[in-house]
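[1] Provided below for reference: sequence and predicted model.
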Amino acid sequence: MAGQRRARAPVFAALGDETRLSLVAKLCGRRPYSISQLTQGSRLTRQAITKHLRVLESVGIVHSVRTGRESRFEFDPQPIEGIKQYLDFVSEQWDQTLSRLKSLVED
Amino acid sequence: MDNYIEKRIELKAPISRVWRALTDYREFGEWFRVKLDGPFVPGQVSRGQITYPGYEHVQWEAVVQKMEHERLFSFTWPHPQSLDKVDYPLNHSGEPTTLVEFRLEKTANGTLLVLTESGFDKLPGDRRREAFRRNDGGWTEQMKNIENYVTQTS
């Protein structure tokens, strides 16, 4: 658990980029994409896409799998799921905190 | 999944009472469960010790942002990676700092309190932040896509 929590900030940072978010949105359609496929229809170069994929890979949001001579990238929901759980946790804390405020001011 | 948290709560108390509970550091400490060193001053760091059972080892540190009388109280604070005793304290640099805002509105029966906490998506560079602003709703949209995926598969 502690390890997962420690990995949170980099996941937020990795997702804090428009290009990477669009890559994630594309990849979460489940099937792995090659860099060429991801570059198609994008105004970014292959090199730029690769750089962004490496950032996502470093926090575990995507994994690369080798098929033949080509690397394909696939999506892993686990790190994002971790963030979601964290936001749920923070949200729950606020519910409790605000209910204490409520009892204080309504007394 | 949104990149911020919003809570709306109706309080059966006059706005002046709620304002005092939010901004008087002793009253704040009572419901927030933190023993603060001194009063809140905009632009200044607020320090104290959490009194919530099990978390007494955690230090409270925030920077007071705005205190607009009976309207808005806000502060920023770091989100520690872990609050476990074994891991704490850690070096907090590089952790996301979030903005907490309490907004008050007078209602027929008392006060509406709207709490928001934002900045979970804190970006490293200003240029990127600007890109987001231009791409209206882009982030929220994308996160929805991701959430749809995550909920479908879990």
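    The structure has been received and is ready for your questions.
[2] close to chain B, is the longest helix seen in chain A?
    Longest helix in chain A by number of residues, with DSSP state H as the criterion: helix A:78-106. Yes - residues of helix A:78-106 are located near chain B by Cβ under 8 Å from any Cβ of the partner chain, namely A:80-81, A:83-84, A:87, A:90-91, A:94-95, A:97-98, A:100-106. (C-beta placed from N, C-alpha, C; glycine too.)
[3] pull out the buried residues from those residues.
    A:80-81, A:83-84, A:87, A:94, A:97-98, A:101-102, A:104-105 (16 or more other Cβ atoms under 10 Å in any protein chain shown).
[4] in chain A, which spans are helices?
    Per DSSP H, chain A carries helices over the ranges A:2-6, A:8-15, A:18-27, A:35-39, A:46-58, A:78-106.
[5] ok, now which ones touch residue B:66?
    B:42, B:72-74, B:101 (Cβ atoms under 8 Å, 6 or more residues apart in numbering or on different chains).
[6] strands - which of the residues you listed land there?
    Judged by DSSP state E, the contacts of residue B:66 include B:72-74, B:101 as members of strands.
[7] how about residues contacting stretch A:90-99?
    Contacts of stretch A:90-99 (Cβ under 8 Å, 6+ apart): B:5, B:7, B:9, B:31-33, B:79, B:113, B:115, B:117.
[8] quick revisit: redo the buried ones among the residues of helix A:78-106 next to chain B as a markdown table? Include pLDDT.
    As requested, those are exported to a markdown table (pLDDT from 0 to 100):
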| residue | pLDDT |
| --- | --- |
| A:80 | 79 |
| A:81 | 78 |
| A:83 | 74 |
| A:84 | 74 |
| A:87 | 78 |
| A:94 | 91 |
| A:97 | 93 |
| A:98 | 95 |
| A:101 | 96 |
| A:102 | 96 |
| A:104 | 95 |
| A:105 | 96 |
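[9] domain parsing for chain B?
    Here the domain parsing of chain B from automatic domain parsing is B:4-121, B:123-154.
[10] from residue B:69, how far off is the closest residue to residue B:28 other than its chain neighbours?
    Of all residues not flanking residue B:28 in the chain, residue B:22 sits nearest, at 6.3 Å (Cβ to Cβ, 6 or more residues apart in numbering or on different chains). Look at residue B:22 and residue B:69: by Cβ to Cβ, to the nearest Å, they are 11 Å apart.
[11] swap in residue A:101?
    Distance of residue A:101 to residue B:69, given as Cβ to Cβ: 18 Å.
[12] what of residue B:32?
    On the measure of Cβ to Cβ, residue B:32 and residue B:69 end up 20 Å apart.
[13] same question for residue A:24.
    Relative to residue B:69, residue A:24 is positioned 43 Å away (Cβ to Cβ).
[14] check residue B:26 too.
    Taking Cβ to Cβ, one finds residue B:26 at 19 Å from residue B:69.
[15] now the helices for chain B?
    Remark: helices assigned in chain B by DSSP H are B:15-23, B:25-32, B:126-134, B:138-153.
[16] now the longest one: mean pLDDT?
    In other words, helix B:138-153. Helix B:138-153 shows a mean pLDDT of 48 in the predicted model.
[17] related to what we said a few turns ago, most neighbours, which of the contacts of residue B:66?
    residue B:73 (23 neighbours; other Cβ atoms under 10 Å in any protein chain shown).
[18] need the contact list for that one.
    Counting by Cβ under 8 Å, 6+ apart, residue B:73 touches B:19, B:22-23, B:40, B:66-67, B:101-102.
[19] ok so, going back, widest-spaced pair of the ones in strands among the contacts of residue B:66?
    B:73 and B:101 (7.6 Å; Cβ to Cβ).
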